[in-house]
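**Q** kindly return the folded structure for what I paste below:
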Amino acid sequence: MACGFLVVGQLYVTLPLVGEIAARFAVDPAQAALSGTAFGLAYAAGFLIFGPLSDRYGRKRMILIGLSVTTLATALVGMAGSFGVLLAARVVQGLAASIFPPAALSLVAEELPPRHRPLGVSLMSFAFLGAAPLAQLFAARTGMELPAVMFELAPLYALGALGLGLAASKTRRVPAPQTDMAAGLLRDAGIVAAWLSAVPVLFGYVAFFSGAQIRGAALGVDLQTLRFAGLPPLLLAFAAAPLTRRHGAPVTARLGLILAASALGIAALATDSALVVASMLLSAGVALAVPGLIATVAGRATNANRGRALAIYSFALFVGASIAPPIAQAFSGIGTTPLWLMAATLLLAATLGLTLGIARPSTPR
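**A** The predicted structure is shown next:
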């Protein structure tokens, strides 16, 4: 769980540092925001590249490799002497970090006894979601510069690798049939709809904070207050399990999508004083949408293709987070209202698409 905070936090840690990165490398803020995008796109692509490898080589081995390489890549980011080197180091860092989440979720499911598995998955989900505000608070707490942030984080990945190396048992490879796995997933409209619905979830979340960061002093609300306000509602990730058991995973996911869309609508149309409420609602929506979509995908997939289905879901989720900062910068000239309304519209469209997708039964194989 601690490693989950550290690994996923790298996606968000540069958001408060955009101005510092722009000044350090003499680039404009739109270019500086690419430091987050470079990591995020590599991180998302890495799910598709490295996700299946833990089935072949073992969860523990892949986690240790990923955290070890992340340690070195994080130090390289801190030592970057030019903007091009920074982007290249962030790509390597994103690829290395992408090894952890799918292998860690699989390890939790395999190591814990069945009665504790839902709690374990909820804890990991909270770690992944809580990384967003905590990473931004960490980077912005004292106005730290990029090298200081990275040099402070790098040894923590090594400590995490050591801890998991001692605590986790060696997992054996469990081969799964490879025949027609992707085709089977594509025939299920509910799974495809859940994949597409994942994109606007973190897009809207990151776009909210990126837009607030761009507005800066003109926002009327302290940025740290917004980040703190969004942290407690993430605990609703623990409410997703009983809600899903009672009403089904798609209901949980759609409730989260609607809450997130409502939050962005409030942010776009209400006064700045309502932004704290919007931050709380947005975090609550994401906290329900993410585990709801995970459960929707996992429940409709089979044992043979569940790992691949979740890897594609994770790819879609973090693509949304990765493209949000540059899009927010592109909207900076016309204000945050169009940006937040666009994100709200995408979330409502995802709700409709998921409703239509799950209404169609999967094609028998």
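**Q** quick one: the helices in the stretch 251-365 of the chain, in order.
**A** If DSSP state H, counting those that start in this stretch is used as the criterion, the helices of the stretch 251-365 of the chain fall at 275-300, 306-330, 336-359.
**Q** list the buried ones in the second one?
**A** I take that to be helix 306-330. 306-329 (16 or more other Cβ atoms under 10 Å). (Each C-beta comes from the backbone N, C-alpha and C, glycine too.)
**Q** check the last one too.
**A** Under the neighbour-count criterion of 16+ other Cβ under 10 Å, helix 336-359 has 336, 339-344, 346-348, 350-351, 353-354, 357-358 buried.
**Q** the longest one now?
**A** Taking 16+ other Cβ under 10 Å as the basis for neighbour counts, the residues of helix 275-300 that come out buried are 275-276, 278-298, 300.
**Q** of the helices of the stretch 251-365 of the chain, which is nearest residue 84?
**A** helix 306-330 (16.8 Å; Cβ to Cβ).
**Q** can you tell me how far residue 265 is from residue 348?
**A** With distances taken as Cβ to Cβ, to the nearest Å, residue 265 is found 9 Å from residue 348.
**Q** again, but for residue 78
**A** From residue 78 over to residue 348 the distance is 41 Å, taken as Cβ to Cβ.
**Q** same thing with residue 242?
**A** In terms of Cβ to Cβ, residue 242 sits 26 Å off from residue 348.
**Q** now do residue 93
**A** 34 Å.
**Q** what's the answer for residue 224, then?
**A** In terms of Cβ to Cβ, residue 224 sits 30 Å off from residue 348.
**Q** next structured bit after the helix or strand of the chain with the lowest mean pLDDT?
**A** Sorting the helices and strands of the chain by mean pLDDT, DSSP states H and E puts helix 181-186 at the bottom, at a mean of 66. The helix or strand immediately downstream of helix 181-186 is helix 189-215, counting by DSSP states H and E.
**Q** that next one versus helix 336-359: what angle between them?
**A** 170 degrees (axes from the mean of the first three to the mean of the last three Cα atoms, to 10 degrees).
**Q** tilt between helix 189-215 and helix 275-300?
**A** Interaxial angle, helix 189-215 versus helix 275-300 (the same axes, to 10 degrees): 160 degrees.
**Q** and helix 189-215, what does it pack against?
**A** On a contact count with 3 or more Cβ pairs under 8 Å, 6 or more residues apart in numbering; DSSP states H and E, helix 189-215 meets helix 117-140, helix 181-186, helix 223-229, helix 249-269, helix 275-300, helix 306-330, helix 336-359.
**Q** mind checking which of those is nearest residue 236?
**A** helix 275-300 (4.0 Å).
**Q** average pLDDT for that closest one?
**A** For helix 275-300, mean pLDDT is 89.
**Q** now for it, which elements pack on it?
**A** In this structure, helix 275-300 makes packing contacts with helix 117-140, helix 189-215, helix 223-229, helix 240-247, helix 249-269, helix 306-330, helix 336-359, judged by 3+ Cβ pairs under 8 Å, 6+ apart.
**Q** okay if I get those as CSV plus distance to residue 152 and mean pLDDT?
**A** Converted to CSV, the helices and strands packed on helix 275-300 look like this (distance: least, Cβ to Cβ, whole Å; pLDDT from 0 to 100):
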stretch, distance to residue 152, mean pLDDT
helix 117-140, 9, 82
helix 189-215, 21, 90
helix 223-229, 19, 82
helix 240-247, 32, 83
helix 249-269, 32, 93
helix 306-330, 22, 84
helix 336-359, 31, 92
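**Q** make JSON lines out of those helices and add distance to residue 1.
**A** What follows is these, written out as JSON lines (distance: least, Cβ to Cβ, whole Å):
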{"stretch": "helix 117-140", "distance to residue 1": "5"}
{"stretch": "helix 189-215", "distance to residue 1": "19"}
{"stretch": "helix 223-229", "distance to residue 1": "20"}
{"stretch": "helix 240-247", "distance to residue 1": "16"}
{"stretch": "helix 249-269", "distance to residue 1": "21"}
{"stretch": "helix 306-330", "distance to residue 1": "17"}
{"stretch": "helix 336-359", "distance to residue 1": "27"}
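**Q** now for the ones you listed, which one comes closest to residue 52?
**A** helix 306-330 (6.4 Å).
**Q** the inter-axis angle of that closest one versus helix 336-359?
**A** 160 degrees.
**Q** elements contacting helix 306-330?
**A** helix 29-32, helix 34-50, helix 100-111, helix 181-186, helix 189-215, helix 275-300, helix 336-359.
**Q** how far off helix 34-50 does it point, in degrees?
**A** 170 degrees.
**Q** before we move on, the earlier item: ok, which of the helices of the stretch 251-365 of the chain comes nearest residue 68?
**A** helix 306-330 (21.2 Å).
**Q** neighbours around residue 28, how many?
**A** If you count neighbours by other Cβ atoms under 10 Å, residue 28 ends up with 9.
**Q** which of the helices or strands spans the closest residue to it other than its chain neighbours?
**A** In space, and not counting its chain neighbours, residue 28 is closest to residue 22: 6.2 Å by Cβ to Cβ, 6 or more residues apart in numbering. Assigned by DSSP H and E, residue 22 belongs to helix 18-25.
**Q** list the helices and strands that helix packs on?
**A** helix 29-32, helix 34-50, helix 83-97, helix 146-167.
**Q** let me know the distance separating residue 330 from residue 310.
**A** Going from residue 330 to residue 310 by Cβ to Cβ gives 31 Å.
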